[in-house]
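>>> Just a sequence and a predicted model for now, questions to come.
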Amino acid sequence: MQKNRPKNNEQSLPVLKIRELNQGHTDDSSDRCSIKIDKNVIVNVGDIIFSWSGTLLVKNWSGKQAGLNQHLFKVTSNSYPDWFIYEWTKHHLRKFQSIAAGKATTMGHIKRSDLKSSKVLIPNEKKLIELNVVMQPLYDKRIEVIKENQQLIKLKQILLQQFF
């Protein structure tokens, strides 16, 4: 996002970095980027974000719309449901963290080859449909709770400003 800084009074988005991912939201100290960025690097509530460098983690983004910074992937698929992608990424996370911890650098990371060598069991189409009937409502509820939590945080901030 360093190449996409907002120009004079241009509308902007906060930049999602590892710090923001860890805290679950952007804030006034978050960097800003131009709103005129590729839609593939715009992050919305519920998007699956994977940090592949530094603090390796996978989360559903719970903050407001932001621009995706380096060291983070927005994990998507045209073939598989989000719950499936999220759970398999989470499944491999401990292995990825172990690989990164073994690096002799200050900021451990994994490589694309580590991702490519990670095995995923793909059920046949019928089984995936059956699983989706159970898993999709649970995943949708997860995203709903994330959004509701954000609304409660906003309400808390408004009330704290108003009364204290």
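Nice, thanks for sending it over.
>>> Rounded mean pLDDT for stretch 21-35, please.
For stretch 21-35, mean pLDDT rounds to 92.
>>> ends of it, how far apart?
End-to-end distance of stretch 21-35: 19 Å, with CA to CA, to the nearest Å as the criterion.
>>> I'd like the distance from that stretch to the chain centre, please.
Distance, stretch centre to chain centre, for stretch 21-35: 13 Å (CA atoms, centre = their mean, to the nearest Å).
>>> again, but for stretch 28-47
Relative to its parent chain, stretch 28-47 has a centroid offset of 11 Å by CA atoms, centre = their mean.
>>> avg pLDDT for stretch 59-68?
94.
>>> Offset the numbering so it begins at 4, please.
From this message on, residue numbering opens at 4, which makes the last subject stretch 62-71.
>>> And stretch 73-89, what's buried?
Residues of stretch 73-89 classed as buried by neighbour count (16 or more other CB atoms under 10 Å): 74, 75, 77, 85, 86, 87, 88, 89. To be clear about C-beta, it is placed using only N, CA and C from the backbone, and glycine gets the same treatment.
>>> quick one: contacts of stretch 52-60?
By CB atoms under 8 Å, 6 or more residues apart in numbering, the surrounding residues in contact with stretch 52-60 are 19, 21, 24-25, 46, 61-64, 71, 74-78, 92, 96, 99-100, 103, 110-113, 118.
>>> and the next element down the chain from the helix or strand hosting residue 53?
If you go by DSSP states H and E, residue 53 is part of strand 51-54. Next along the chain after strand 51-54, taking DSSP H and E as the criterion, comes strand 60-63.
>>> Could I get the full set of strands for the protein?
Ranges of strands in the chain, per DSSP state E, are 15-19, 35-37, 45-46, 51-54, 60-63, 69-71, 75-78.
>>> what's the third one packed up against?
So the one you mean is strand 45-46. strand 69-71 (3 or more CB pairs under 8 Å, 6 or more residues apart in numbering; DSSP states H and E).
>>> hmm, who's touching the strand it packs on?
4, 7, 16-19, 23, 29, 33, 36-37, 40, 44-46, 52, 77.
>>> in its sheet, what does that strand sit against?
Strands that pair with strand 69-71, judged by DSSP bridges, come out as strand 15-19 (parallel), strand 45-46 (antiparallel).
>>> could those strands go into TSV alongside distance to residue 130, mean neighbour count and mean pLDDT?
Shown next, in TSV, are the strands paired with strand 69-71 (distance: least, CB to CB, whole Å; neighbours: other CB atoms under 10 Å; pLDDT from 0 to 100):
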stretch	distance to residue 130	mean neighbour count	mean pLDDT
strand 15-19	34	23	95
strand 45-46	31	21	96
